[in-house]
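A.B. asks: Take this sequence and fold it.
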Amino acid sequence: MKHCIPSLVAGTLFYVFLAILFVCYRFGFSAAFQFDDFSNLSWLSAWDDDIWISAQVFAGHAGPLGRPVALASFLIDGYYWPFDSAPFHRTNTLLHLLNGCLLVAGLNSLRALMPKPAGAGLTILAACSWMALPLLASTVMLTVQRMTLLSATFSLAGIAVYLAGRCRLNAKPGLGSALMAIAIVVFTPLAVLTKENGALLPLYIAVIEATLLPPLPASLGKRQKIGLRSLLAVPVIAVFAYLGQQLFHLDALAAAYRGREFTLSERMQSEAVILWEYLRLAFLPEMAALGPFHDAHPVFSVASHPRLVFSSCAGWAAVVVTAFYLRKTTPLPLFAVCWFLAGHLLESTIIPLELYFEHRNYLPLIGPVYALTIGAGRLINAAAMRYAVIGVYLAMQLVILAQTTQLWGDSVKSAYYWAEKEPDSIRAAQFLAQQLMLDHRLPAAKQALERALVSHPDDAALLLQTVQVQCESQNLPAALLDQTQRRLKRAEYSAATVLTLNALVDLAAAKRCAALDAAQIHLMLDNLMQNNAFTGRVKYHLHHLKARLYEQHRQLTPALDELEAALKIDPTLDTFLRITSILIDAGFYDAARKPLSDARNYLPENSFVRRYWLRQLDASAREIELYRHSRP
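C.D. replies: Below is the predicted model of the structure:
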């Protein structure tokens with residue numbers, strides 16, 4: 001076990017490095033919230049009691065499982081939402097530092113198990129090199145990516161506990177087996193409930209077992225060995241079975257791709273190229289290529305980029321075959337390749353997600369960084385030279401990281417920079433316009449949107465944001481409004497559309513835009529409802545916006561009609577309560593009971609959310625009785 005304890009000097013230097021890394025990230029604590037932050041965290045602004053909190057935490061929509069553990073973690077900083085982003089980024093940074101400590105703990109246990117372990121100093125340098133990667137900056141600086149960070153925390157903790165148990169199998173087989181079981185049974189569900197790719201934890205451990213570790217001790221009984229192997233095999237098989245099940249339902253998979261600008265085949269070909277891009281930017285970072293906006297990343301296929309696609313696929317095949325061939329003499333290459341590809345198994349294969357996100361590399365890059373650091377250290381015989389070379393490279397990474405986080409910390413400067421570097425990115429243009437509007441630079445915001453409209457003339461959010469900027473400037477030409485109305489009928493869906501419509505409704509209600517009245521916004525909403533690109537949940541929000549406009553002008557019957565239409569799309573508690581509130585205000589107390597009764601037919605199965613529904617429905621019922629007896 002002595003190999004599991006790093007030297008005092010190496011440990012001291014590691015804590016010094018953590019302090020330096022914290023300072024590097026501190027430059028970016030003032031980074032602005034992004035669009036995804038608002039869609040996932042807006043509930044923090046309506047802080048209530050424990051019943052409300054549990055309902056919000058267990059009703060998430062960021063993933064199929066809701067990610068309740070991640071949502072609960074945002075309560076740590078919830079007091080500051082949405083006015084101060086620094087506490088959120090500080091917590092994210094501390095999680096990143098914690099992940100580095102967990103990685104060191106796991107690697108130290110790995111040293112004790114490997115036949116030819118690397119030195120303690122080299123192992124810690126590998127962890128430091130991973131933590132300092134500028135490519136990982138967006139994972140820390142994007143508030144909502146705490147989901148990725150915290151899922152990684154549970155995954156790294158699971159790996160560390162598993163390897164600690166593996167260290168103890170010889171001396172204390174009972175304790176060792178228990179720790180290995182806890183690593184899988186406890187930490188995998190925690191990682192999954194934080195973010196779904198936490199399901200890869202057993203696969204990561206399986207990669208370590210298959211490439212770096214010796215066989216299980218001969219002293220273990222046959223049943224115990226089978227049990228430990230099954231503990232890993234079952235969840236790994238479940239992951240591959242899930243992906244296989246997706247392929248067996250190609251019609252459903254193809255339907256899921258209809259909202260994307262690429263097919264399943266094009267995605268797979270593109271990812272073969274993109275994975276190489278990730279590796280290049282990890283080890284040879286370029287500030288110009290780093291940032292949060294990659295929605296305009298090109299689609300690669302044999303038809304459009306034959307040489308690039310063929311060379312990328314051939315490169316992966318060559319790397320895998322070579323690493324497998326060298327596995328007996330040098331297992332590190334096989335470990336690095338298998339770890340990296342395993343980490344991208346869910347987010348970079350067949351599931352119809354967007355092509356490119358930097359945060360997908362957070363855990364997958366550990367394997368390549370570790371293998372290259374240890375490999376480079378072993379190639380350089382002189383210890384002083386070894387640590388000098390790796391130290392200089394690490395210092396270079398820290399300098400680029402500090403420059404990157406400084407850019408994030410200046411919201412207007414970063415918005416201009418990213419919009420310039422990603423001229424085809426709709427999100428970059430929208431972020432620039434948003435920051436300029438907050439900075440009261442309305443002409444500049446208008447120019448940013450107009451430039452984006454040249455490349456994306458049919459994007460609904462860009463069209464509406466242009467109207468918003470002109471309204472804020474008190475200069476909305478009738479011709480622009482008429483042109484926008486016509487284009488909305490064939491506009492393309494954009495995630496910021498509903499947010500922008502809400503802002504326009506606010507402007508009209510406050511009478512801050514003379515040219516934009518309720519009739520014009522109703523027409524906008526009607527045009528979007530006729531547009532086949534706006535369906536499902538988006539149309540639900542459009543009905544709610546029309547109801548809000550009708551309410552503002554005391555047109556209660558059409559407001560109720562719109563809310564009834566929204567209920568047919570999605571019977572939500574908010575809609576039932578809103579109908580009830582309108583009827584109470586109008587004095588129709590008996591009628592107000594009906595939506596409360598109807599809502600009980602749609603009670604959610606989730607016990608936490610169900611409890612909240614029942615509490616709110618009972619409160620509304622009491623409100624009806626209170627008004628009945630207090631009003632003449």
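A.B. asks: Can you give the distance of the helix or strand of the chain with the lowest mean pLDDT from its chain's centre?
C.D. replies: The helix or strand of the chain with the poorest confidence is helix 50-57; it has a mean of 83 (mean pLDDT, DSSP states H and E). The chain centre lies 21 Å from the centre of helix 50-57; the measure is Cα atoms, centre = their mean, to the nearest Å.
A.B. asks: Could you list the alpha-carbon positions for it in PDB?
C.D. replies: The C-alpha trace of helix 50-57 is given here as PDB (Å, rounded to 0.1, in the frame of the first residue of the first chain):
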ATOM      1  CA  ASP A  50     -39.500  22.400   0.700                       C
ATOM      2  CA  ILE A  51     -42.500  21.000  -1.200                       C
ATOM      3  CA  TRP A  52     -41.900  23.500  -4.000                       C
ATOM      4  CA  ILE A  53     -38.100  22.800  -4.000                       C
ATOM      5  CA  SER A  54     -38.600  19.000  -4.200                       C
ATOM      6  CA  ALA A  55     -41.100  19.400  -7.000                       C
ATOM      7  CA  GLN A  56     -38.700  21.700  -9.000                       C
ATOM      8  CA  VAL A  57     -35.700  19.400  -8.400                       C
END
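A.B. asks: Packing partners of that helix?
C.D. replies: helix 68-73, helix 607-630 (3 or more Cβ pairs under 8 Å, 6 or more residues apart in numbering; DSSP states H and E). Every residue, glycine included, has its C-beta placed from N, CA and C.
A.B. asks: May I see the buried residues of stretch 369-387?
C.D. replies: 369-374, 376-377, 386-387 (16 or more other Cβ atoms under 10 Å).
A.B. asks: on that earlier part again, got a markdown table for the helices and strands packed on helix 50-57, with mean pLDDT, distance to Pro333 and mean neighbour count too?
C.D. replies: As requested, the helices and strands packed on helix 50-57 are exported to a markdown table (pLDDT from 0 to 100; distance: least, Cβ to Cβ, whole Å; neighbours: other Cβ atoms under 10 Å):
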| stretch | mean pLDDT | distance to Pro333 | mean neighbour count |
| --- | --- | --- | --- |
| helix 68-73 | 94 | 34 | 21 |
| helix 607-630 | 89 | 47 | 15 |
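A.B. asks: So for Leu499, which of those sits nearest?
C.D. replies: Smallest distance to Leu499 across these (Cβ to Cβ): 20.0 Å, for helix 68-73.
A.B. asks: Please state the offset of the very next helix or strand once past that closest one from the chain centre?
C.D. replies: Beyond helix 68-73 on the C-terminal side, the first helix or strand identified by DSSP states H and E is helix 86-113. Centroid displacement of helix 86-113 relative to its chain, using Cα atoms, centre = their mean, is 19 Å.
A.B. asks: which helices and strands does helix 86-113 pack with?
C.D. replies: helix 8-26, helix 120-131, helix 137-141, helix 146-167.
A.B. asks: how about the helices in the stretch 301-450 of the chain?
C.D. replies: Secondary structure of the stretch 301-450 of the chain by DSSP state H, counting those that start in this stretch: the helices cover 306-325, 332-343, 366-379, 383-409, 411-421, 426-438, 442-455.
A.B. asks: ok now the third one, how far from the chain's centre?
C.D. replies: By that I understand helix 366-379. Distance of helix 366-379 from its chain centroid, counting by Cα atoms, centre = their mean, is 28 Å.
A.B. asks: Next, the angle from it to helix 146-167.
C.D. replies: Using axes from the mean of the first three to the mean of the last three Cα atoms, to 10 degrees, one finds that helix 366-379 and helix 146-167 are set 50 degrees apart in direction.
A.B. asks: Extract the C-alpha set from helix 366-379 and format it as PDB.
C.D. replies: Taking Å, rounded to 0.1, in the frame of the first residue of the first chain, the C-alpha atoms of helix 366-379 are listed here in PDB:
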ATOM      1  CA  ILE A 366      -8.300  11.800 -18.800                       C
ATOM      2  CA  GLY A 367      -7.200   8.700 -20.600                       C
ATOM      3  CA  PRO A 368      -5.200  10.400 -23.400                       C
ATOM      4  CA  VAL A 369      -3.700  13.000 -21.000                       C
ATOM      5  CA  TYR A 370      -2.600  10.300 -18.500                       C
ATOM      6  CA  ALA A 371      -1.100   8.100 -21.200                       C
ATOM      7  CA  LEU A 372       0.800  10.900 -22.900                       C
ATOM      8  CA  THR A 373       2.100  12.300 -19.600                       C
ATOM      9  CA  ILE A 374       3.300   9.000 -18.300                       C
ATOM     10  CA  GLY A 375       4.700   8.000 -21.700                       C
ATOM     11  CA  ALA A 376       6.500  11.300 -22.200                       C
ATOM     12  CA  GLY A 377       8.000  11.000 -18.600                       C
ATOM     13  CA  ARG A 378       9.300   7.500 -19.400                       C
ATOM     14  CA  LEU A 379      10.800   8.600 -22.600                       C
END
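A.B. asks: which secondary structure elements does it contact?
C.D. replies: helix 120-131, helix 264-283, helix 332-343, helix 383-409.
A.B. asks: rounded to a whole number, what's the mean pLDDT of that helix?
C.D. replies: Taken as a whole, helix 366-379 has a mean pLDDT of 93.
A.B. asks: what's that helix in contact with?
C.D. replies: Applying Cβ atoms under 8 Å, 6 or more residues apart in numbering, the set of residues contacting helix 366-379 from outside is 103, 107, 118-119, 122-123, 125-126, 129-130, 133, 207, 279, 282-283, 332-333, 335-340, 343, 386, 389-390.
A.B. asks: what's the angle from that helix to helix 264-283?
C.D. replies: 40 degrees.
A.B. asks: confidence score at the closest residue in space to Pro64 that isn't next to it in sequence?
C.D. replies: Nearest in space to Pro64, with sequence neighbours left out and distances taken as Cβ to Cβ, 6 or more residues apart in numbering, is Glu196 at 6.5 Å. Predicted confidence (pLDDT) for Glu196: 95.
A.B. asks: and Glu196, what is it in contact with?
C.D. replies: Per Cβ under 8 Å, 6+ apart, neighbours of Glu196: 63-65, 67, 346.
A.B. asks: change it to 7 Å
C.D. replies: Listed by Cβ atoms under 7 Å, 6 or more residues apart in numbering, the contact partners of Glu196 are 63-65.
A.B. asks: what do you get for Leu156?
C.D. replies: The contact partners of Leu156, by Cβ under 7 Å, 6+ apart, come to 99, 102-103, 106.
A.B. asks: related to what we said a few turns ago, tabulate the helices and strands packed on helix 50-57 (CSV), appending distance to Ala592.
C.D. replies: As requested, the helices and strands packed on helix 50-57 are exported to CSV (distance: least, Cβ to Cβ, whole Å):
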stretch, distance to Ala592
helix 68-73, 32
helix 607-630, 5
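A.B. asks: Show me the one of the ones you listed that comes nearest Val498.
C.D. replies: helix 68-73 (20.8 Å).
A.B. asks: can you give me how far that closest one is from the chain middle?
C.D. replies: Taking mean C-alpha positions (Cα atoms, centre = their mean), helix 68-73 and its chain are 13 Å apart.
A.B. asks: What of stretch 394-407?
C.D. replies: Distance, centroid of stretch 394-407 to centroid of chain: 23 Å (Cα atoms, centre = their mean).
A.B. asks: in it, what counts as buried?
C.D. replies: Neighbour-count burial for stretch 394-407, with 16+ other Cβ under 10 Å as criterion, is recorded at 394, 397-398, 400-405, 407.
A.B. asks: ditto for stretch 504-523
C.D. replies: Here stretch 504-523 shows 504-505, 507-508, 513, 515-516, 518, 520-521 as buried, counting by 16+ other Cβ under 10 Å.
A.B. asks: rewinding a little: closest one of the contacts of Glu196 to Phe357?
C.D. replies: Gly63 (13.9 Å).
A.B. asks: Could you check the pLDDT of the closest one?
C.D. replies: 81.
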